[in-house]
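**Student:** fold the following, please.
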Amino acid sequence: MLGTQFTTGSPSWIDLGSPDTEAAAAFYGAVLGWEFRSAGPDAGGYGFFRQDGLTVGALGPLTEKGASSAWTVYFQTPDADAAQKAAESAGGTVRVAAFDVMDAGRMAALTDPGGAEFAVWQPGSVQGLERTSSTNTLVWAELHVAEPESVLAFYRTLFGWRWAEMDAPGMTYRVISTAEGDQEDASFGGVAELQGKTPHWIPYFAVEDADATARTTQGNGGSVLMPAADIPDVGRIAWLADPFGAPFAVLKPAPMG
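**Tutor:** The predicted structure is shown next:
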């Protein structure tokens with residue numbers, strides 16, 4: 001289960017690149033109840049999504065040429081430069097070379113061999129998200145790529161990830177875990193075969209009612225990519241997109257028992 005005691009390979013941060021940060025902040029405020037707070041005048045428009053004063057994500061303007069609006073998942077690393085070098089050696093590409101984010105930490109923006117974009121975070125004064133796995137916060141990270149096994153081998157090189165196969169409707173789903181601890185307890189996401197044209201990581205946010213969240217999304221200018229549906233032993237999920245096309249998913253977890 002995704003927590004906030006991050007280890008190497010944990011999803012430790014998420015941020016949204018948007019062409020209209022003010023409108024995006026209003027959308028996620030309406031849909032997930034988040035408040036947006038600027039990181040300050042030197043942050044280039046970047047700021048934090050907060051819930052009860054705790055950081056649950058971040059938002060900034062699009063900075064890469066030709067980029068479309070999307071969420072980026074960051075994975076913790078003890079050494080962003082070493083992770084960047086390992087990614088290149090294993091067939092990935094570097095979109096933004098490692099750099100310091102003031103005293104908060106050091107990051108690099110990368111793309112895996114399957115074409116999915118992600119980032120790595122070497123913590124400084126900012127360890128990562130301050131709340132996860134509760135209502136309206138990040139609960140799962142899911143990768144959609146054409147060749148899951150070869151791409152997972154890339155991530156194992158970077159982070160030592162483990163994975164277990166499980167049967168899902170029409171596909172083999174792979175549940176991924178960090179290298180440390182009990183494999184089931186350390187699971188934080190999954191890998192599915194690509195549905196559509198664009199490989200990507202998609203964040204899942206826990207919600208109390210997936211159907212209601214889908215309706216609220218539509219009512220605030222977003223769209224429903226996949227209507228709410230029950231997944232046995234998992235819960236009820238829906239795939240959505242914000243008004244600028246950034247995809248995300250929501251999950252009402254199945255009762256534990």
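**Student:** break down the protein into its helices, ranges please.
**Tutor:** 21-32, 80-89, 148-159, 210-219 (DSSP state H).
**Student:** in contact with the nearest residue to Y155 once chain neighbours are set aside, which residues?
**Tutor:** The shortest distance from Y155 to any non-neighbouring residue, by C-beta to C-beta, 6 or more residues apart in numbering, is to W161 (5.0 Å). Where C-beta positions appear, they are placed from N, C-alpha and C, glycine not excepted. By C-beta atoms under 8 Å, 6 or more residues apart in numbering, the contact set of W161 is 9, 152, 155, 176-179.
**Student:** partners of the lowest-mean-pLDDT helix or strand in the chain in the sheet?
**Tutor:** When the helices and strands of the chain are scored by mean pLDDT, DSSP states H and E, strand 162-168 comes last with a mean of 89. Applying DSSP bridges to the sheet, strand 162-168 is found paired with strand 171-177 (antiparallel).
**Student:** neighbouring contacts of the partner strand?
**Tutor:** With C-beta under 8 Å, 6+ apart, strand 171-177 has contacts from 143, 148, 152, 155, 161-167, 183-184, 186-193.
**Student:** how about 7 Å then?
**Tutor:** 148, 152, 161-166, 183, 186-193 (C-beta atoms under 7 Å, 6 or more residues apart in numbering).
**Student:** so it versus helix 148-159, what angle?
**Tutor:** 10 degrees (axes from the mean of the first three to the mean of the last three C-alpha atoms, to 10 degrees).
**Student:** surely P243 touches G221?
**Tutor:** Yes - using C-beta atoms under 7 Å, P243 is in contact with G221, at 3.8 Å.
**Student:** out of the helices of the chain, which is closest to A229?
**Tutor:** When the helices of the chain are compared by C-beta to C-beta, helix 210-219 sits nearest A229, at 8.6 Å.
**Student:** check which residues of the closest one are buried.
**Tutor:** 210, 213-214, 216-217 (16 or more other C-beta atoms under 10 Å).
**Student:** residues touching W13, list them.
**Tutor:** 74, 121, 128-129.
**Student:** can you tell me which residues contact the spatially closest residue to it that is not a sequence neighbour?
**Tutor:** Excluding the flanking residues, the one nearest W13 by C-beta to C-beta, 6+ apart is Y74, at 3.8 Å. Going by C-beta under 7 Å, 6+ apart, Y74 touches 11-14, 107, 119-121.
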